[in-house]
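Student: 3D, please:
(one chain, ligands or ions: 3)
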Amino acid sequence: MRNTSGILAATVLILLCLVWVPVEAEEEMCVPMGEITLEPLTTEAKRSAVIFPHAVHFDYSCRECHHKWEKEKPILGCSASGCHDLAEMPKSDEGRPVKDPAVQIRYYKNAYHQMCIGCHMQIAKKNEALQASRMPGEAKIASTGPTGCIQCHPKE
Ligand code: HEC
Ligand code: HEC
Ligand code: HEC
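Tutor: Residues are numbered from 1 along each chain as shown. Ligands and ions are numbered 1, 2, ... in the order given. Predicted coordinates for the structure are as follows:
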């Protein structure tokens, strides 16, 4: 079950399949090389969809993000059933947000924010520390991705 509401987990893949990774003898996996539009799981989204340049991230291991990938199988989307497939923050029977991190992370927004912003922020923090510890102009600043809301969710 990707999504019950019919919008479907709606990851619009721009399938520029320049790379085919053999998965099993007679099966190949199409790896999107261009931009992937990460659509919200809900029609009540507050923010615009996020354009994700996939191949810009290929200096990292695939499993940095596709952390459940077993190499013999095709890679599943992030909101595959049982993964980050909840369109809302899960609540207890009393209506309070669930505290268990393993449940919270099933809310797709938490998963994306933790992973995307988490990594970009980590690099930005290292850059700051580097700049603070050296003479101006001397620090080698690593490029990082966006950490601000509208950089990822441009106003529509
Ligand atoms: C920085 C994180 C990141 C890295 C690194 C990464 N990917 Fe992805 N990849 C994503 C995201 C996010 C999606 C979109 C998933 C979705 O729509 O649910 C995606 C989608 C895909 C898909 C399409 C899956 C589907 O939904 O059908 C394939 C195949 C894929 N990646 C292969 C790879 C391979 C091979 C590598 C290593 C060379 C790699 N990815 C590295 C984040 C990453
Ligand atoms: C493990 C670290 C890591 C993760 C996870 C990660 N990024 Fe990045 N991202 C980077 C780095 C490093 C760059 C800078 C790459 C460069 O400019 O060479 C970057 C660049 C970007 C850029 C700017 C690309 C450009 O051409 O300027 C966007 C947009 C972006 N990331 C979005 C995302 C989104 C959305 C996710 C989550 C689906 C994500 N990133 C996950 C490390 C990461
Ligand atoms: C590195 C990229 C990135 C940054 C920075 C980022 N987001 Fe997101 N956000 C995402 C992704 C990816 C999703 C899941 C896909 C989607 O909803 O389009 C998401 C989902 C959401 C959602 C749930 C869907 C919706 O629209 O209701 C909200 C709300 C949201 N983000 C708000 C924010 C706010 C507020 C900030 C700034 C504090 C922010 N985001 C910063 C990438 C980012």
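Student: which one in this protein is furthest away from the centre?
Tutor: M135 (35.2 Å; CA atoms, centre = their mean).
Student: Over to the residue sitting nearest the centre point of the chain: give its phi and psi.
Tutor: In the chain, the C-alpha nearest the mean C-alpha coordinate belongs to Y112, at 4.3 Å (CA atoms, centre = their mean). Backbone geometry at Y112, expressed as degrees, to the nearest 10, gives phi -60, psi -50.
Student: does any part of stretch 103-123 sit near ligand 1?
Tutor: No: if you take CB under 6 Å from any ligand atom as the test, stretch 103-123 misses ligand 1, and the best it gets is 6.9 Å. All C-beta spots, glycine's among them, are computed from the backbone N, C-alpha and C.
Student: which of the residues in that stretch are buried?
Tutor: For stretch 103-123, the neighbour count (16 or more other CB atoms under 10 Å) marks 104-112, 115-117, 119-120 as buried.
Student: Run through these and flag the ones next to ligand 3.
Tutor: Answer for those near ligand 3 (CB under 6 Å from any ligand atom): Y108, K109, Y112, C116, I117, H120.
Student: and the gap between the first one and E128?
Tutor: Using CB to CB, to the nearest Å, one gets 29 Å for the distance from Y108 to E128.
Student: And for P97?
Tutor: 31 Å.
Student: cool, T37 as well?
Tutor: T37 is 31 Å from E128, by CB to CB.
Student: before we move on, what about A87?
Tutor: 35 Å.
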